[in-house]
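S.K.: sequence first, predicted model second:
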Amino acid sequence: MNITVKRGSLPDLDCEVLLVGHFEENKAPEGAARLLDEGCNGIIGELIDRGDFEGKLYTSSVMYTRGSIAGKRILIAGLGKKGEFDLEKLRGVFSKAAQKIRDLGITQMAASLDFGEMKFAIGDVARAAVEGALLGLYRFTPYKTLEEDKKGEISECIIVENRPELLEDIEKGAQTAQIISRAVYCARDLVSTPSNDMTPSILAERAAAIATEAHLTFEALGEAAMGKLGMNALLGVARGSAEEARLIILEYNGGKKDDPPVVLVGKGITFDSGGISIKPSDKMDEMKSDMAGGAAVISAIKAAADLKLPLNVVAIVPATENLPGGRALKPGDVLKTMSGLTVEVKNTDAEGRLILADALTFAKRYNPAAIVDIATLTGACVVALGDYLVGMMGTDEELKKRISAASDATGEAVWELPLWHEYDELIKSDVADIKNVGTRAGGTITAALFLKRFADECPWVHLDIAGPALLSTDKPYIPKGASGIGVRLLTQFLMDRSQASHVSHP
Ligand code: BES
Ligand code: MN
Ligand code: ZN
């Protein structure tokens with residue numbers, strides 16, 4: 001979809017459909033809806049007067065202009081109650097409206113962001129509207145070959161604004177939204193791709209292609225190189241698979257040469273069968289999404305580069321399959337990690353923390369200002385927080401605050417769980433330094449405490465995305481399937497950070 005911002009007014013525009021909004025409380029159309037109403041003999045006013053459209057959130061109504069203005073149709077979208085309206089709702093409104101327009105087979109739309117009075121900055125409004133529309137229109141179709149599954153796309157979206165002083169901010173917001181949405185699409189594509197076409201080496205190739213496009217440096221270590229580094233926990237997980245593991249490293253240097261980077265670490269299990277501690281077959285197919293953390297960091301660093309943020313970022317993705325091959329890890333095996341700590345593998349299905357352990361140790365080589373890891377780590381997090389929330393745990397208050405602020409700004413909701421030190425007891429091993437599982441209860445926290453042993457003194461936050469990574473039902477602007485969770489959150493975190501880069505705390 002080609003998005004442009006134009007100076008002008010909706011009633012003057014020749015377009016297939018004109019999108020405007022309406023709040024429940026409004027007795028008459030306001031903002032751009034009022035202008036259209038005046039140009040069309042009061043059809044919007046009549047629709048409202050007769051009670052045929054109430055402005056309820058996510059509802060909409062189509063009207064035909066019948067030659068009264070150049071535009072062919074009006075789509076009026078409900079904005080809900082004024083007091084409850086926010087940018088998250090606006091994302092949903094634009095998503096639902098765009099989906100409806102696409103369902104009608106319409107390929108060209110224009111919209112106004114003038115909904116009457118508005119307490120949000122116009123640039124943020126533009127960004128939310130464009131993000132909502134783009135994210136809601138996502139479909140994963142590379143494997144669809146049947147004619148009946150081929151549906152048209154909206155090719156053109158024009159944002160119209162009459163107030164010249166707002167144009168620059170709208171343009172910027174729309175640009176940012178397009179860059180970020182492209183990155184989210186990138187993550188969703190990587191996660192949606194089935195594991196037979198998304199092996200560790202293919203993921204590395206995709207990362208290399210993204211790096212070339214975004215001018216990032218790319219490196220991928222194979223098993224021999226990882227062996228030399230002593231990454232035996234990562235290699236231990238990889239032993240059960242015929243596919244060779246990779247450690248994918250992307251670097252973006254937008255900051256000063258000596259600025260310590262933010263290091264993003266993403267879990268890249270391209271398929272998690274559980275290994276010898278094998279999972280039940282029901283829903284095992286969903287474990288193609290166990291590299292969603294990896295996809296998120298690859299896509300976020302791409303967004304940082306596309307946005308030309310003035311800071312240094314490194315993305316690290318330990319990538320392997322977790323399969324029960326003849327040489328696979330067995331329960332009771334002990335591994336010596338790159339950090340030197342030894343781990344007793346009580347359960348081969350707790351593989352994420354094993355590969356992340358070595359990746360975190362590797363990350364510390366960059367002398368990071370902060371490490372943020374993101375992983376589909378525990379089923380316990382889904383039980384605790386459901387499929388809406390990201391679980392957050394970490395060692396640095398300031399860093400957690402910044403992630404929470406990015407969460408508020410993007411709608412990628414995080415909820416903090418405690419790194420409860422008493423539970424350190426639960427991962428003590430009889431034969432090794434630590435073991436890779438605690439009790440079933442509190443499983444998200446013990447997993448994070450395990451990771452903390454490797455993040456060590458470095459300011460660090462861990463994000464458990466097991467719930468929201470792959471959705472079984474639609475959300476207002478996230479179609480079911482791979483959500484791309486984490487991309488907007490991490491990108492916003494990097495944007496905020498690069499704006500406050502003169503501040504010295506982590
Ligand atoms: N990838 C899974 C976690 C997961 C579960 C992600 C459901 C998304 C949806 C992880 O590797 C895993 O299997 N964790 C185990 C840990 C347990 C053995 C301590 C779990 O949560 O059951
Ligand atoms: Mn597992
Ligand atoms: Zn896993």
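M.R.: Done, it's in. Ligands and ions are numbered 1, 2, ... in the order given.
S.K.: get me the contact residues on the protein for ligand 1.
M.R.: Selection of the chain residues close to ligand 1 by CB under 6 Å from any ligand atom yields 272, 290, 347, 349-352, 376-380, 382, 437, 443, 466. In short, each C-beta sits where N, CA and C put it, glycine included.
S.K.: among those, which are located in strands?
M.R.: Counting by DSSP state E, these place Asp272 in strands.
S.K.: ok, of the residues of the chain next to ligand 1, which come out buried?
M.R.: For the residues of the chain next to ligand 1, a neighbour count by 16 or more other CB atoms under 10 Å gives the buried set as 272, 290, 349-352, 376-378, 380, 382, 437, 443, 466.
S.K.: among the residues of the chain next to ligand 1, which are located in helices?
M.R.: Per DSSP state H, helices hold the following members of the residues of the chain next to ligand 1: 352, 379-380, 382, 443.
S.K.: columns distance to ligand 2 on top of those residues, output as CSV?
M.R.: Formatted as CSV, those follow (distance: CB to the ion, whole Å):
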residue, distance to ligand 2
Gly352, 6
Gly379, 9
Ala380, 12
Val382, 13
Gly443, 11
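S.K.: tell me the one of those residues nearest Pro194?
M.R.: Minimum distance to Pro194 across these is 19.7 Å, recorded for Gly352 (CB to CB).
S.K.: partners of the closest residue to ligand 3 within the chain in the sheet?
M.R.: Per CB to the ion, Asp272 is where the chain lies closest to ligand 3, at 3.7 Å. For Asp272, the beta-bridge partners are Asn322 (DSSP bridges).
S.K.: confidence score at it?
M.R.: We have a pLDDT of 98 for Asp272.
S.K.: was I right about it contacting Lys279?
M.R.: Yes: between Asp272 and Lys279 there is a contact under CB atoms under 8 Å: 7.3 Å.
S.K.: between the two, which contacts overlap?
M.R.: Residues touching both Asp272 and Lys279 (CB atoms under 8 Å, 6 or more residues apart in numbering) are 287, 349.
S.K.: just to revisit the earlier point, just put the ones in helices among the residues of the chain next to ligand 1 in CSV and tack on distance to Thr320 and pLDDT.
M.R.: Output for those, formatted as CSV (distance: CB to CB, whole Å; pLDDT from 0 to 100):
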residue, distance to Thr320, pLDDT
Gly352, 11, 99
Gly379, 20, 98
Ala380, 22, 98
Val382, 22, 98
Gly443, 22, 98
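S.K.: how about the residues of the stretch 151-300 of the chain by ligand 3?
M.R.: 269, 272, 290 (CB under 5 Å from the ion).
S.K.: and ligand 2, which of those residues reach it?
M.R.: Within those, those near ligand 2 by CB under 5 Å from the ion are Asp272.
S.K.: am I right that Ile249 is in a helix?
M.R.: No: assessed with DSSP: H, G, I helix; E, B strand; the rest coil, Ile249 is strand; it does not lie in a helix.
S.K.: per-residue confidence at it?
M.R.: Ile249 carries a pLDDT value of 99.
S.K.: that one against Leu216, yeah?
M.R.: No: with contact defined as CB under 8 Å, Ile249 does not reach Leu216; the gap is 9.8 Å.
S.K.: for the residue of the chain closest to ligand 3, which residues are in contact?
M.R.: The contact partners of Asp272, by CB under 8 Å, 6+ apart, come to 279, 287, 290, 321-322, 349, 351-352.
S.K.: near ligand 3, which residues of the stretch 351-500 of the chain are found?
M.R.: Residues of the stretch 351-500 of the chain lying near ligand 3 (CB under 5 Å from the ion): Gly352.
S.K.: which parts of the stretch 351-500 of the chain are helices?
M.R.: Along the stretch 351-500 of the chain, counting by DSSP state H, counting those that start in this stretch, helices occupy 352-363, 379-385, 397-410, 443-455, 487-499.
S.K.: I'd like the ones you listed laid out as a markdown table, including distance to Leu75.
M.R.: What follows is those, written out as a markdown table (distance: least, CB to CB, whole Å):
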| stretch | distance to Leu75 |
| --- | --- |
| helix 352-363 | 44 |
| helix 379-385 | 35 |
| helix 397-410 | 26 |
| helix 443-455 | 43 |
| helix 487-499 | 26 |
